[in-house]
Every structure is written in C-alpha cells, then in structure tokens.
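J.: Give me coordinates for this.
(chains A, B, C, D, E and F, ligands or ions: 2)
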Amino acid sequence: MELLVASAIGVMTAVGIYLILRQRTFPVIVGLAMLSYAVNVFIFASGRIKIGFPPILNKYAETSYTDPLTQALVLTAIVISFGMTAVIVMMALGSFLETGDDRIDMTDKTDGEDA
Amino acid sequence: MIAEILISALLVMAGIFGLVGSFGLLKLPDLMTRLHAPTKATTVGVGGVLIASMAYFLIFEGKLSWHELLITLFLLLTAPITANFIAKAHIHREMTARDLPVTGTERDWATLMPSDEPVQPVMNRVDEPPRQVSDH
Amino acid sequence: MTMFLRRLFPHPYLTLLLFVVWMLLVNQFKIGSLLMALILAIAIPLLTAPYWPDRPRLRSLPAIVGYVLIVLYDIVKSNFIVAGIVLFKKNEDLRPAWFTVPLDLKTPEAITVLAGTITLTPGTLTADMSGDGHVLLIHCLHAPDPDSVRDEIKSRYEARLKRIFE
Amino acid sequence: MMSHWIIAPVVLPAVMGAFIVLTMRHDLLLQRVFSIAATGALAVISLALLWAASVNPPEVYRLGNWPAPFGIVLMLDRLSAVMVALTAFLALAVQIYSASTGWDTRGRHFHALWQFQLMGVCGAFLTADAFNLFVFFEVLLIASYGLMIHSGGRDRLRAGVQYVAYNLVGSTLFLFALATIYSITGTLNMADIAGKVAALPEQDWAMIRVGAILLILVFAIKGALVPMQFWLPATYANAPGPVAALFAVMTKVGAYAMIRTGTLMFPPATPATGTFLSDLILIAALLTLAVGAIGVLGARSLGWLVAFAAIASMGTLFVAISQFTPEATAAALYYTLHSTLAAAILFLVADLVADRRAHLRLTEALPPIARSGLIAALFFAGAIAMAGMPPLSGFLGKLMILDATRGDSMALIWSVILATSLITIVGLSRAGSVLFWKAHASTPEEPAETKDEPLSFAAVFLLIAGLVALTVFAGPVMGWMEATAANLHDPSSYIGANALVEVGK
Amino acid sequence: MTDLGLLDWALTFAFACFGVGLLFNLYRIARAPAVPDRILALDTMVINVIALLVLYGIRTGSGINFEAAMLFAMTGFVSTVAYAKFILRGDIIE
Amino acid sequence: MSLALIAALPFLGALLPGLMIRAGRNACAMTTGFVTALALLMLGLHAPAVLRGEVIQTRIEWLPGLGLNANFFLDGLGLLFAGLILGIGLLIILYARFYLSKSDPMGQFYTYLMLFQGAMVGIVLSDNILLLLVFWELTSLSSFLLIGYWKHLPEGRQGARMALTVTGAGGLAMIAGMLILGNIAGSYDLTVILQNKEAIQASEWYLPALILILLGAFTKSAQFPFHFWLPHAMAAPTPVSAYLHSATMVKAGLFLMARMWPVLAGTPEWFYIVATTGLVTMVLAAKIALFKDDLKALLAFSTVSHLGLITMLLGFGTKAAATVAMFHIINHATFKAALFMSAGIVDHEAHTRDIKRLGGLRHLMPVTFAIALIASLSMAGIPPLNGFLSKEMMLEETAHTVWAGSHWLMPVLATLGALFSVAYSFRFLAHTFLGPVRDDYPHKPHDPGFGMWAAPALLAALVVIIGLVPMTAAGWLVDAAAGAVTGEPVAAKIKHWHGLGSPALWMSVLAVGGGLMLLASHARLDAIWNATPRPEAKRIFDGIVEPLAALARRVTAISHDGSLTRYLAIATVTITALGYYAWATADHGTGTRALTPIQTVPAIGWFLLVVSSLALVAFHRNRLLTLVLVGVIGLMVSVGFAYMSAPDLALTQISVEVATVILLLLALNFLPKTTPVESSGGRKLRDGLIAAFGGTGVGVLIYALMTRDFAFPSIAEYHLANSYKEGGGTNVVNVILVDFRGYDTFGEITVLGIGAIVIYALTEALLRGGPANDRLLAWSPDQRRAGDRHPLMLVVATRLMLPVALIVGVYIFLRGHNMPGGGFIAGLVVAIALVMQYMASGFAWTQARQKIDYHALIGAGVLIAAATGIGAWFNGVPFLTSDFGYVNIWPLEEFELATAALFDLGVFLTVLGAVMLALASLSRIAIRAGETINVDAFDIHPENDGPRTEPATTTTEAR
Ligand code: NA
Ligand code: NA
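T.: Ligands and ions are numbered 1, 2, ... in the order given. As a prediction, this is how the structure comes out:
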C-alpha cells in the first residue's frame, strides 16, 4: 500500500503543480485544490498506514490503533484549505468581474501605478 | 449455514447486478439508454449488499444494524431524481423538440421551454472599456 | 385542539418518518432514544414546515403499504429483465423509445412518486415533464410496444396513487 | 502558572472580532470604538506581558491543561512578548489612521478582519507548537486576504488573487514540512522537536533536513526572501495604505519564525542540519537586499518603491538572522522593531499622498498636494529611516548588523549592505524629489483643496516617535535585546519550561 | 472475519464485481461524448463505492464506515444534481 | 555636558525658525542667529582651556552594546572648525536674511541651515567615530535639503541628488572603514583610536580601512575624481553655497583627514593616495575654474582646487605641512565666503551670474567691488593678504617634497596650480568689476543695503587683518589646531618675507606672472577650451546613474512583471531543488518498516485516482469536466481514507469536496467555461518537467517516511491512552480536535468564519458600483438555459430529504465524541442539506422562509467556542480545559455533557454560518446579474400554469 499511497501523492502533487502554472485563475484554483488533496494525504500517510484499525477506542478488545493525531491534523488542514479555496474562488470571480478576463498574470500592466 | 448461503447468494446477486449496471454504462449506445443501467446498480446491486450486511451483522455479530436500511432508502429516493436531472441535461444539450414526442398540451417539455433570458456571447469578449475605479 | 395539533404536527407522516429514522440511526431501543426521537421528530418538521407548504393529505396507510410492496416487487422483477437486455441483447436489436404519459394526478407529491416509480422500475425512466405539468416524458430502454407500457403505468401505479393522494 | 494573560492577545481580538460580526456589523461607530479600544487593551496587555517576560524565565501556558508535548502550549518569552507588543502598538497607530482617513468606511468588516488579523499574528508569536503555528499563520493569512482586498477595485483584486494563490502554495508547503518533521520526530511541540532533532539517529538525517528546509522556505515566503519575494510588491503596493502598513509586521512573522526555528529547532550546532540552513539564508538574504534595493531604484510608483524598500529591509534583517550568533540576533531584533515601524510610516505616507493624488507614478510629476510640506517631511523621515541613515534607528540597526557580521563572509556582507544602502538612498531621493519637489516646477501655486485629518498625521507621528524612542533609548533597548538573544541561543530555559510535568486534570 | 469459506468467496466475488464496475465507470468518465455521460458515470461510481464500503464493513465486521456510506449517498446525489443543474441553467441555486 | 549642548543647540534651534517665522522674517533670523551666537559663546568659553592645550571631554552613554556613545571632545582642531562653523554660520544667517526674497520660505531655510550646522558641529566635536558617522551622514541629508531648497529649479533637485549620492556613497564606504578601524583599536572612541597608531598601521586591514575612510573624506571634500558634484550644488541659494562650499561641509572631509592624521598619516600609502589626489585636484580644478563663466561655478571649482591644496598638504604627512593646511583652512574660509557672498550680491542685484554679461560693476557697486577685490586678491595669493601667506608656505612645502623619486614634479605642478589660481582670481575681478559699464545688464545693479554686505565686509576685514598681522590674528589658532592634528606642540612661524633664497618666492612670482599672462590670452584660450571636447561631469554622472536607474527599472519590471505563473514556477523549482539538495547531502538509510500488502480493490481505487488526476491535466480546459474529475478524485481520496482507518477523514473530505464543487460551480457560472490554449509546447514541457520533478520528490519523501518507524515514540500514543480516561471520548480523533488540540480547532473555525466574512465583504465591494457591478448588470448567460428552473421532482424530494438530512446532521453532531462525526461534519451536512433546498427552490425563495442570519451564526459560533475556553478560567485552569461527565437525565438519551460538546457546537455553528454566508454572497451576485426570484417553490405546478417570478429588488436580498 505504501507504494500506492506514495505514488498517488506524487501524482496529485505533480498535477497540482502543473495546474498552478497555468495562466487562468480557474485551473490554478483546481491545481491548488489538488495540492491540498495531495498534502492532506501526505500528512495522513506521515502517521504511517494501518488498515482496519480506526482510532475509535474499543473497550472490549485489546487492539492497536492507527495514528489519530495525523488524522486530526488532516481534518484541520482540510477545513482550512476549504476556507481558503472559498476565498480564492470568490476573489477570482471578483477579479474576473472587475477586469473582464480571468488571467492570473498581471503582465498587461507591469507596475501598480495607480493609487 | 442457511444464513450463510442466503447472505452469499445476496452478495453474489448484488455483485452481478452492480456489475451489470456499470457494464451497461459501457455497452449501451447512447446516454438515454445508458441512463437505465445504474438503476440496477442502485436498486438490486447496492440494495442487495446492504441487506446482506444487515443480515450478516444480525446473524454473525448479533447486532441489528439499521443504517443500511437508511442508506437503501436514501438511494431509492434519490435515484429517480438523479436520472431525471441527467436526462434533462441531455435533452437540454443534445435534443430539440423534433427529437421528442409532442406533449399534447399547450406547452412544450419543461426543459425545452424558452428561457426568460437572452443568450449573449461570453463575457470577456464584450469589449467594454474598463472603467478605472479608485478609492480616492 | 385540532388547530394546535396541526400546528404541532404540520406533517404527521413526516414526523413518523423522522421518528423512525432517528431510531434507525441510533440503532438502539431505549426510552431515552424514543424521547429524543420524539423531540426531533416534532422539532424538525416545525423548523422545515415553511419549505413544505400545501402538504398533501394522505388517505390510507394500507394503500401506501400496498403500493410500496407492489413497487418493490416490480423493481426486482424488472431488474432481471433489464439485466438480461443489457447483457444479452445486441445494441442493434435494442428498441429504445420515447413516449408520453398524460397525467390524471395533480398533486406534485403524487406526480413525483409516480415519476420516481417509473424510473425505479427498470426499463423506464422519467426524463421530463411538460411545461404545464400534465404530461410525463418517459424513455423506455426496450419497448417494442410503448402503448402497453403506458397503460400499465397508468393502471398499475397512477390509479393507486390517485387513491392515496387525492 | 502566572496567569491567563498569556493567551489574552489571542482571545481578546478573537472575541472582539466575533463580537463585531455578531452584534455591531451595521454600526461603524460602534465598530471603531470597540475595535480601537480592544487594540488599545491589547497594547496594554502586551506591555504587561513584556514586563513579565523581562523579569521571569520563559513561561508556558498549557492549553486545555494538557501537559506538553501532548497538548498545545503557548510560550511567553522575551521574543514573543516583544513581537506581540510591536504588533499591538503598530496596529493601534495604524488603526487610528484607518479610522481617521475613513479607510474603514470603504468596505465591509474592516474592523472585524483587523481584530482577526491581530489574533493570527499574536497567536503565531505565542505558540510553541509547530502545527499550531500553521493554524495561526492561516488565521493571519485569511484575515490579510480580506484586508488586502478591502474596498475592492480592479488592480487590488488581481493582485489579491496572486497574493492568495502564492500563499496557498506556501500553506501547502508548510503542511508538507510539518508532516515530514512529525513523521520523523513523532512530536509537534517545538521544544520537544528541538530535543528530538538533536538526538536524531543518523539514518533519519536526510528527512529532517528536507523537513527543515521546507519549513524555512515557508518562512522565506512570509519574510519575502528571494526567490520567494515575488508576491510582495504587487500585494503591498495594491493593498490599502493602512493595511500595507500593518502588513509590515507580517513579514516579521516570517523573520520571527525563522529566528525561532533556527535557534530552537535547528540551531547550527545540531548535527543533523548543521549550518546548511544558515548558509542558504545568508545567500538568499544578500540577494533579497539586492533585489529590494534595485527595486527601490527602479520602482515606477511610490507604492512599489516602498514595497521594495520593505523587501530590502527584510534582506538586511535576514543577513543578521543568518549569522545565528547572539550579537547578530540581538541586532536583528532591534532592526525588526525599527524596520517594521519604518515600513509602516512609508506606507502611510504613500497613502497620504495617494489620497491627494490621481496616481503615485514616479515617472511624471503632479501638482503639489495639500499639506505638501508636512507630508514631504514625513516622507523624508520615513525614507531616512528606511535607508538606514541617521539620525533614526535604521542607522543604528545597520551599524549593529555590520558590527555583528564578522566572519568569513564579512567583506561580502558589508559590501552588499553598504552598496544596497547607497542604491536605496538614490532611489528614495529620486522619488522624494519627484513627488515633493518636482511638483513645484509644474504649477507654483498651492492647491486649494485641503482635507484636515489631524489624527491621521498624529498616527504617523506616533510611529515616528517610536523610531525616535528606539534611537534615543537604543542602549536600553539593545541591552534588552541582547538578553533576549542570549535566551534564544541558549534555549534550555525554553525547553525546560516545556518539560513533561504531570498536570492534574 | 469469520472463517466461513462460502461467505468469503461471495464477498470476494462482490468486491470484484463492484471493483470492475469502478473501472467501467472510469472508462466512461475518460471516454464519453459529453459531460452528462460523465456525470452519470460519476454518480454510478459513488454507488459502487458505497457498495464497496459496505462490503468492506462486512469483511472487517465493523460498522464504522456506515456514516461514510450514508454521507457518500447524500453528497453523491447533491453533486450530481449540481452538475446537471449547472448544465441546465448555469446558476445552480437560482 | 556642555560640549554635547553645543552640538545639540543648533538642533534645538532648528525647531525655532519654523515657529518664529510667524513673528516675521527679522524675528526668525534673529532667533536663529541668537542660537548660533549662544553656541559660539559657549565654545568661546572653552577656548582658553583648549588653547592651553587641554582637551575637554563629555561622555554620555548611548548604545554601549555597540560602542556607540555620545562622547564629545574639544581640542584645537575641534575648536578651529567649530569656530569656523559657528562664526561663519552667524554671518551667513545675517546675509541670508537679506538675500532671501519674500517668496522664499525663510523658516524652512533656517531650519535646514541649523540642522546642517548642528551636524557639522557634531562632526568636529565627536569623540566616537560611530557618533561622527551619525553626524557625517546628517550633513549629507541636511545639505540635500539645502541644495534642493529651490524646489522649482531642476538643477537644484539634480544637484541635491548628485551631492547626496556622491557624499552618501562616500559616507557608506567610510562606515565600513570606521568599523574596521574601531575593530582594530578595540574601541570606537576617537581618543582611544588615536592612541593606536602602531596597531592600526600594522594591521592587514589598514589599507582597506584607509581607502574606505578616504573615500568618505574625498567625496565630501570634492576631491578628484569626485569633484564633479560640487559645482552642481551651486544651484542652491548663495548663502548655502557660501556656507557649505567654502567654510563647512566640504571641509568636513579635510577635518576628517586631519582628525585621523595621527593614526593614518605617515605611511607611503597615505602619502601617495592623499597627496596625489590633492595635487591633481588642485591643478585640475583650478584650470577648470579659469574657464567657468558662471561666477559661482568659478568659485566652486576654485574651492575644489583649494581643497585639493589642503588635502595635498595633509597628505605630505609632515608636521609643517599640516600646520600650513590648518592655516590655509582659515584663510580659505574667510576669503571664499566673502567671495561667494559678493557673487551672491552681484547675482542678487544684476540678476545674472554670467561673467560674460557682467563687467564694469566697479562703478555701480563700489562697496561690493571693494570686498571682492580684497578677497580675490587674497585668493590669488597677492601679498600681503592672508591667501598669500598660506600659499607661500604651501609652495615652500612642495619644494621639499619628493614624489616617486622626482624632486621637481610636486613644485612644478603646485606652481602651475597657483598660476591658474592667479588667473581665475583676476578674471573674477576683472571681468566682473573692471571694464566699462554696460547697458545690457538684466537688471540695473547697485550696492545692496548694509545688512547684505556687512557679512562679506567683515570677512574681507579679516582677510586683511590676518594678512597683516598673521601671528596675532591667527597664529595661536593655527598652533592649537596643528598641535591637535600632529599630536605635538606646534609654534607656527608665519612671515611675509622668507628671503630671496626661498624657492616659494620664485614660484610665487612665476605664478603671478604666468597667471596674468594667461588671463591676457583668456579669450583665445577660452575659444580653444570651448572647442575641446571634454567629459562633462553632470553628463557622466547622469550617464552612470540614469542607465543604472533604467537598468534597475528594467530588471525590476522584467523580474516582477506580474506573472504569477513564473513566480510560482520559480518557487516550485526552488522548493524542489532545495528539497533534493537537503536530501542528497545527508544520510537516509532504507526504511525497515514492514509494508502493508496491496489489495486488489484499493489498487483499483488507486488506478482511478491516478487516471483521473492525469486526465485533469489533459482535460483541464473543459472546466465543467475538470470539476467532474475533481469529484472523482475527491471521492477516491475519501474512500481511501475510509479504507485506511480514517472514517472521520472520509466524512470530512467528502462533504468538503461537495461544498467546494458547489462553490466552484457557482463561480463558474460567471466565468468562461473553457480555458483557452495559451501555453506553447515548450512551456507545457517545462511545466510538465517541473511538475514531475516536484511530484517525484514528494512521492519519494513520503515513501521514505512511511517505510520507516518514528525515530521516537509519537505523542499520539498519549492521545490514544488518555482519550477516554481524560478526554471522555472514544473517538480519539474527535477528542484531539475538541480537546487535546482544541486550540487548533478554535483557530481553524475562525479561519472559516473569516473566510466567509471576507467573501461577504468582497461581494459588497463588487456590488457597490464600478466595473464589476456594471458587468453584472449587463450580464446575460453565455449558454442556453433550460426552461425549467426548479424541477418539480427535486422540489418534492427535497421536502422529504431536508428534514431527514437535518436529523442525520443532529445525529452526526451528537455522536462525534465517541464515533466518527462531530460538529464540523454535522455543520457541513446541514449546510449541504440547505444547499439542496437552495438548488430545489432557489436561493431567494428559501431565504425568504428562514430567519437565521449567517453572520450571527459565525459570530455566535466563534464566541461559543471561545466562551467554552474562557469558562475554564473560572475553574482556575487554562483556556479550553475541558470538563465532562456522562449525564443521564432520565429519560433522555444518555449523552455526554462535556464542555467539549459545547465547543463542538461552536464549531458546528461557525461551519454552517460560514458555508451559508459564502453561498449567499454568490447568490447575491447572481441576483445582481438579473436573476429573478420565484414566488412558488417550483416553476411548473400541475394545478396552475407557468412560472411566476418577480424581479429581485422587490424581495429582500440575502443577508
Ligand atoms: Na442565485
Ligand atoms: Na469526530
């Protein structure tokens, strides 16, 4: 499983990087979402993989559990990146409505010359 | 033993129907026919698995789990809506009134009814001189 | 009193349903659960009542149960038929068809149940509705004889629903 | 346990922010009164904390009463106390400016976002938990997104999107780094990490080095260290003036985190990481100085000029940080205080000009503005502070940094610092001459329109007074910073405060 | 998991069926004439995943993932409707 | 203390003019003059002691950590310079009062002047080289203000910038030099450094320090090749020129060389650098002065030349030469200040300084002529004036100096310099004042009032007095100053006549004679001069600075061109490369942890995930399809979590994923539906490589991590062990979230809440007016829309599903502490249920039927969470300390009454409010774009006909 998880993280990261290098806001946002998927799984995997041992305590059995801490961290990370995604989506929309195009580069105007 | 056979049978049947559902998606010729396939995956397929699960937990673990029933109900409730929406999307995208039977009433099919707004080209092609806004 | 009850239970069947759902969710039969179920089953319909104006009156519980059983039976039966079609019938031999079902039903809820039933029973699928809500557009996977399908829908399902809802 | 005051700099703005959103979002006056009062209270509390940190050893605050390293703890030491105090005072002055110039009326939720921004910054300074640092980075970032695009507008939004996108990459990187570090050390408490990293078996060194460098890169983004500085100019130049002024402390969060990380978790003496972090920081810092100074000389608008000046100051700061010696760290801390105020002053001056001008381009002159003389004087003060010229504290800071950077690379460091100073001086003098002198060439008459916002000028004067105080009291301030640096470079008391103790729950 | 051979076999069979089903769905997502087809495939995929989750619950004798299955059903439905509504109207919550 | 006060007085005085100008120009000038006079008086009180050879010191601790202290000392050198600065300063204040016109802001002028004066006094009194640097840089700054005083003159602005740039650069070099010096001496105190000659001159850092310090001195004193800025600084008002460029600022460099003379001088390096520079400067500048037509430019180059002379003398490194240097400093200050003021008077009266337009003023301005006559004769070195005395002594020194083995080079060049000096001095006099009266002056000149000529007249008197009785008038001062410079007692012998055997006599005669001859042929030489191409300082300076500025502009514009894609590419490459570097430069043993076996169905899931991700790259232009693929990926990630023992993650991921897709769909409605092809093949390849590079790095890293065990036991073990016992919950993840790390969660929900209000505020800003609002008002859909907005089946189904989903939400909320679930997921479930309702019947329809304010939800949520934490304070325990107990209030469900549950309620409310507020904001945009609001729940009602809608304005917009 480790190989699958690692390669999946790698692929998602790569796709995310490729997309954040595009020139329109939309693919960049999708790329950021991919990166956040990738990093979430990365955090999760950094607690090592254990199949079939969820961190729900079982009073009746002597069992081992998977790392609950990384899961909690991922949860926090998911929520935060959700908030961030919502904001950037909205800002991208606002920027599109203000300017009439959804380019992410500002090369048409090299210097923020106006007040 | 009988329970085991029963559950196994349910599972096998469920598996087959689930697979048929997905296979239909591949095999059938167009969207409208393909749309029929997943109903099987939904109903007998997942339904079978869920009932097998209930039975399994009741018989082998000694606890009756009702969650599966809820899931089944939910899937049954939503499947028609899903199908309806995808069909409407298909009709909207691919079909005209001529491709469909007439309603026989004064109005056309709901999806094909004229919408209230005119259609314009994409916004960023509108050549509107950007107005400078300043806070000052 | 009736007024009070109607206000307390804007949707008695919904209340019942939620009560059952809660019990299914908590998966345990205790007094506490029952009480919680009751509280929620009363509170939530009250909260959501504005989203469900003009609720239909359901006439008879046995008719509802009967209808559900018939539909379940039909689902299983027709599943096999359609699975056969998917698996064994060549695409060239397939006779998909569009047809319409004019409605006698007027209640939105009833129409929805009918449309859902049509979709759930494999082989047929409710694709759309006429702009006035009086006709359903049905797609049939393999219907050499659409008229018979329409007739069966009307007699087997719609008629029963009419009894339940109107 | 001293008190709950340690967490007040987080809870107070958080509650105030939420309170504003909940109860007074329709009444700007209420917002102003409560928000400024809260910031004032924060300033007072921060002074108390500063005092406490001065007389007491580092103090731990166990959130949820869980023992370290299992729960999250806050640490109040001299460094975090001074950073919180800096933030509070900067925020107070700039907030008065915002209210006085009416910036807070030009969009919604200014004050709530302001409070949340403070919550995030203070939280980041106080926490001793690496993941919690991430969380508060995010708090301060998302609030900064809102403040950056406050009142909207075409360029601001486009720059805002870039700012957010770039920082989201940074946030992702932060998580990669934290997961890597946790995956090796099995802990998140920074003091605990320090101990674990120091004792790390050799086969895990490569991983911890990767984790460390990724972490440093996150802080490099925040601190605008080349080549991660690109987000800054457009962001700061397009942000509302007071927001940019407040952002002056945001880059310092990066610097703070770098100091904390580099002295606590990965000090150069640690075998696993060695000096490779400090070497990289030094190279990047010198480049940052160069990029900043060149940008000051080449900026076409005042906003960009100030932004690049801020970058250059970060370069100077990071040069000092990269030495990781007590002397250099002390100098870095002094320079942190100075450069934060200096950048804020210039951003506010730029805003004062912007308020009276159609544009801030430096390529063409516009007629003189109302209160030109006063604003020019303020600009002059800010510019000499930023350029590190006497008599203001920038000169002292720079002298201290030069004095503290003695080593193999002394000649290089000195050359870069001094050469970039010259470039900065030239750039600033050219800008000032176009903005305030050339104007008189086109139309000799004074403009009729005058807006009187005495409080906004008072706010700038307050910041300048801060610089003057830093200059006059350089001796005591520096003495304090030396003690702080000594604590940082001998983190035993910090680590000791985090030691596992049984806590009665 | 108990050592019931038959049930085990049936489970494996069901796993295989729904697993292969997923691959079919993937094919339909990758190769389809239009987006509605893909939405359909995704919807079916959700259903297959639900089935797999429940099967996994039987195999491990644990009901821990039932909530997940329930939520998959709910979110699968909502997102399918959202995609379709987008095609139909552009604005999904007009 | 009093020395510090002398230095501080001008600074304090700088505060007054701005104020006193309100009382009138006289009051302003008098106040300023009074302050200066006071400082001068205080200095004078110290003079007797200093002349006795005492050194007066004041020490104030400032920045002891650095060794920068406000230490002052006064010796003969300091006395000489401070006296000049304050004394001439006083005269300048007087002169300026009459020179400045009514339109000039006089308060500003005096303020700058006092700042400058303070900085100069500070320099000459500093006993700490860092303190000296402070004042040194201050002179650059204040002179910048003074030179640029006439803001409207482009020459003024440019001259100011040039002066600042050149002297600033020198100052910076000097900082380095001084730091080195201090480092060698072990102190930054001058008195200490001055006693460390051997250590300093023996140090390997001596030469660098010397060069760096001399750079500072040379730039300040306008020595070749840095002489070019001084003439351009002449755009300043004449009082400024007279002050800065005769008596003070330019002499700061000389002062510094004199100050450091005891430790730096006496080496060959010193001699060759300083003496040569001085000599070259003297000759070159004198020659240029001869051909300047602008009176002030002529005087400026003359100043440069004389500074060169003094520099050369200091460079000789002998006691005698240093003594002459001191004497000439005095003399030059007197005659040059007088000359500048005369030139200013001419300019003031005739409205021109162009020598070619002048002449004959002797008749019109006799007083001015008299002053100028005395001063310029002194400058020319005509006996018996003071200029003659020091020039003679200078020539004498050169005659004994050997330069690189040559005995004649020094004297010959020095004589040449003197010759030029005679020539330009006489030219100044002759071409301005002699000759016939002209009728084409721009303004008819006549002598100004007494106030204006009083100051130069006084100076001219000094010229004469020192010339006549040098030993009485200046000898004592020269002795004191030279004694301080050389560190030995000096008794200068200043005489008019050294006898016929003195080489200086003949050199002098040669200079005067040659000079007069040169002047005679000036017209011809001038023609040649004008015809000769030569480097023009301003053009060279501009030629350096402007291209550099342009280059900086280009570099900045190109590197910071607003291309985020490039910024991100650079960032990604940097991150990845440094990651690899960190990895490659240390040990990474192979992991020993046992691998988890791969099963078939998970492998299929992996395949789906990977294929969909890659498909995203291929299909990303079709944005709707992109979202469908994101849906697949999200699904696979969630189910992967479920499989890998993370049910809470599965629940969260899937609900977040849906909420995200919905947000994106809402936004996509207004965005273009496709992404155009913009990247070239090469660009795609580049990005692909970067992506592959980064992805591989991350994959390798996590694989390496997963295949080894923690180096130390994880803190998670504590969480597992204490979750139930101490945290009261069996779902350890949830207990971590609401208890062990509840503080993280507090931050996290705040993030969500902030995000929502950011979105809200942005929406307000967009709808407030402006291009976005205009675009929305003019908006119409870019795709055909179906006729049926609220399909009946969905509406009806939702009526049932909403309550069910809500009850599921309650269930998930309540069980969270022990089983997968909790406030966050519950919040999302409820939010999604509400979204379903929105999709069914429309936003506005739904909104009109509920009374919850989403802002309030967020605020209340955060406040509840915070209050839960604060509540702990009242128990005397830290923020967020939880308390719990299983409460069994019969007959209710046994539920846990944990403060953590209350905290979770805060989480729930915030999440719900945040998601809903974000969606509501998007809907408001749609409404502005012309969305109508339906009156009925669905468009098609079988019992009535057709959709009924109304314009949005009649209904309350979303909150
Ligand atoms: Na809408
Ligand atoms: Na939970």
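J.: Report the contact partners of the most centrally placed residue in chain E.
T.: Computing the C-alpha centroid of chain E and ranking residues by C-alpha atoms, centre = their mean puts E:V46 first, at 2.3 Å. For E:V46, the contact set (C-beta atoms under 8 Å, 6 or more residues apart in numbering or on different chains) comprises E:F72, E:A73, E:T75, E:G76, E:T80, F:L635. Placement of C-beta: from N, CA and C, glycine included.
J.: do that again at 10 Å, thanks
T.: Residues in contact with E:V46 (C-beta atoms under 10 Å, 6 or more residues apart in numbering or on different chains) are B:38, B:75, B:82, E:25, E:72-77, E:79-80, F:631-632, F:635, F:639, F:654.
J.: Show me the subset of these that also lies near chain C.
T.: Among the contacts of E:V46, the ones lying close to chain C by the criterion of C-beta under 10 Å from any C-beta of the partner chain are B:P38, B:T82.
J.: Can I have the buried ones of the contacts of E:V46 as a PyMOL selection?
T.: Selecting only the buried entries of those in PyMOL, with 16 or more other C-beta atoms under 10 Å in any protein chain shown as the criterion:
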select buried, (chain B and resi 38+75+82) or (chain E and resi 25+72+73+74+75+76+77+79+80) or (chain F and resi 631+632+635+639+654)
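J.: Report the separation between the spatially most central residue of chain A and F:P225.
T.: Residue closest to the mean C-alpha point of chain A, counted by C-alpha atoms, centre = their mean, is A:S36 at 0.9 Å. Here A:S36 is placed at a distance of 59 Å from F:P225 (C-beta to C-beta, to the nearest Å).
J.: Please apply the same query to D:S183.
T.: 62 Å.
J.: Tell me, how many residues neighbour F:A550?
T.: Residues near F:A550, counting by other C-beta atoms under 10 Å in any protein chain shown, number 12.
J.: oh, I was asking about F:D294
T.: 18.
J.: residue contacts, the residue nearest to it when sequence neighbours are not counted?
T.: Closest residue to F:D294 in three dimensions, ignoring its sequence neighbours and counting by C-beta to C-beta, 6 or more residues apart in numbering or on different chains: F:R353, at 5.3 Å. Counting by C-beta under 10 Å, 6+ apart, F:R353 makes contact with F:234, F:238, F:293-299, F:343-344, F:346-347, F:432.
J.: Try it again at 8 Å.
T.: The neighbours of F:R353, taking C-beta under 8 Å, 6+ apart as the test, are F:D294, F:L295, F:K296, F:A343, F:V346, F:D347.
J.: do D:P233 as well
T.: Applying C-beta under 8 Å, 6+ apart to D:P233 gives the contacts A:G112, D:G295, D:W304, D:A307, D:F308, D:I311, F:H560.
J.: which one of these is nearest F:H522?
T.: D:G295 (49.9 Å; C-beta to C-beta).
J.: Figure out the helix or strand that the closest one lives in.
T.: Applying DSSP states H and E as the criterion places D:G295 in helix D:276-298.
J.: angle of the next helix or strand after that helix against helix D:276-298?
T.: Scanning forward in sequence from helix D:276-298 by DSSP H and E, the next helix or strand is helix D:302-323. Taking axes from the mean of the first three to the mean of the last three C-alpha atoms, to 10 degrees, one finds helix D:302-323 and helix D:276-298 inclined to each other by 160 degrees.
J.: mean confidence for helix D:302-323?
T.: Across helix D:302-323, pLDDT averages out at 96.
J.: And that helix, what does it pack against?
T.: Packing partners of helix D:302-323 (3 or more C-beta pairs under 8 Å, 6 or more residues apart in numbering or on different chains; DSSP states H and E): helix D:231-238, helix D:241-260, helix D:276-298, helix D:326-356, helix D:372-387, helix D:393-404, helix D:410-432.
J.: if we can go back for a sec, any idea of the mean pLDDT in the helix holding D:G295?
T.: Confidence for helix D:276-298, expressed as mean pLDDT, is 95.
J.: repeat for stretch F:764-771
T.: 91.
J.: Sort out which residues of that stretch are buried, please.
T.: Those would be F:E764, F:A765, F:L766, F:L767, F:G770, F:P771, for stretch F:764-771 by 16+ other C-beta under 10 Å.
J.: Quick one: those as CSV, columns for secondary structure too.
T.: CSV is the format used below for the buried residues of stretch F:764-771 (DSSP: H, G, I helix; E, B strand; the rest coil):
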residue, secondary structure
F:E764, helix
F:A765, helix
F:L766, helix
F:L767, helix
F:G770, coil
F:P771, helix
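J.: Keep only those of the residues you listed that are also close to chain A.
T.: Near chain A, taking C-beta under 8 Å from any C-beta of the partner chain as the test, the members of the buried residues of stretch F:764-771 found are F:A765, F:L766, F:G770, F:P771.
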